[in-house]
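A.B. asks: Return atomic coordinates for the entry below.
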Amino acid sequence: MLDSEVPQEGNSTLGGHRKALYARGNDGKLHIVQSAGWEVEEIVTRQAIDDLLRLTEEARQRVVSGQTSPLEYHMYRVRMDVPLLSQASGIWQWRIRRHFRPAIFASLSPALLSRYADAMGLSVEQLKKAD
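C.D. replies: Residues are numbered from 1 along each chain as shown. Next up, the predicted model:
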């Protein structure tokens, strides 16, 4: 893409900010060019956010009914999935999925709860509850 072809349509999901894209200049070299985004990107971002909001609400309802632990709810609430939470916390994915079981979550050590809380930017007390 050339410098002059970088989309500047605007993207409300960027909140008025711009982002950097690489584009080829007239000299044939790559340059960093600021972009206001474009409509297609905004549509896809909104769909992803809507999907995460749906997953968050479904997880909250499962927590209330005792089918899952608050860990799953908070994971979606902070816009993470199992692979990302695994990477951020250093806990294997299969263990995270196992900790979604309420009885197992209730027996987690304070150190393990702290790792989850730190990875999601929460306190341990917040992690234990689904608001």
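A.B. asks: how about this protein, which residue sits the furthest from its center?
C.D. replies: When each C-alpha in the chain is compared with the mean C-alpha position (Cα atoms, centre = their mean), Asp27 comes out farthest, at 38.2 Å.
A.B. asks: if I pick the residue sitting nearest the centre point of the chain, what's in contact with it?
C.D. replies: The residue lying closest to the centre of the chain (Cα atoms, centre = their mean) is Arg79, at 2.6 Å. Counting by Cβ atoms under 8 Å, 6 or more residues apart in numbering, Arg79 makes contact with Leu52. For glycine as for every other residue, the C-beta is placed from the backbone atoms N, C-alpha and C.
A.B. asks: now it, what's its secondary structure?
C.D. replies: coil (DSSP: H, G, I helix; E, B strand; the rest coil).
A.B. asks: for the protein, what spans make up the helices?
C.D. replies: Using DSSP state H, the helices of the chain run over residues 39-64, 70-77, 82-89, 93-99, 102-106, 110-120, 124-127.
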